[in-house]
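In: whatever this is, show me its structure:
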Amino acid sequence: MTVEIWSEMTCPWCGLGSHRLERAVERFEHGAHVEVVHRSFPPGSGFPEGTVRDALQGRYGMGSGQAETSTRRVEAPAESEGLSPYRVLDNTVGNTDLAHEFLAHASAEGKNRAAWEAIFRAYFGRAEPVFSLEDLLTLAGELVLDRERTRRPVRGRRRAGLRQPAAAPAQSLG
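Out: Residues are numbered from 1 along each chain as shown. Prediction:
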């Protein structure tokens, strides 16, 4: 059985949802026969650089207290489920286009699940940025992907035209 999950790698609920799905598959008696495939659901390239706090305050008009309360709603359950630390509020946000290119490349190299787990772990667990080519090449090293074979397709944005159409099935499902 194949289970597809569409995610945006800087979405805290996506990171927690991915973790929950992985734990459910592990507990499922037929889990060895379940293939989890992550798909990119990019928000678009217009997200401003800054912190999550800045984005919540500037884009959504949340005050500092409201932003903290909002992010604790995902941080607390994540931490209680073993994702500790799980950092959201002061993470850096930015354009995720290159990161989606990296994930597409890693998937083509047979590292779909490992790449998504590495991105979520870096971003939410270590509060590391995942936006620049160097950030992503560091993750490539963790995944034992060749840096040069990773650099070319990510920098060349070879899969840019494939990401939005790939999200169409998710959009049609609501």
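In: just for this protein, where's the confidence low?
Out: Residues of the chain that meet the criterion pLDDT under 70 lie in 44-47, 158-171, 173-174.
In: over to residue 156: give its phi and psi.
Out: Residue 156 adopts backbone torsions of phi -80, psi -10, taken as degrees, to the nearest 10.
In: residue 89: what secondary structure?
Out: coil (DSSP: H, G, I helix; E, B strand; the rest coil).
In: residues near it, how many?
Out: Using other Cβ atoms under 10 Å, residue 89 has 18 other residues around it. All C-beta spots, glycine's among them, are computed from the backbone N, C-alpha and C.
In: show me what contacts it?
Out: For residue 89, the contact set (Cβ atoms under 8 Å, 6 or more residues apart in numbering) comprises 51-53, 56, 67-68, 71, 75.
In: in the protein, which spans are helices?
Out: In the chain, the helices defined using DSSP state H lie at 12-27, 52-60, 64-80, 97-108, 112-120, 133-142, 147-156, 160-173.
In: buried sites along the second one?
Out: This means helix 52-60. Buried residues in helix 52-60, counted by 16 or more other Cβ atoms under 10 Å: 52-53, 55-57.
In: and residue 75, what does it touch?
Out: So residue 75 contacts 12, 86-89 (Cβ under 8 Å, 6+ apart).
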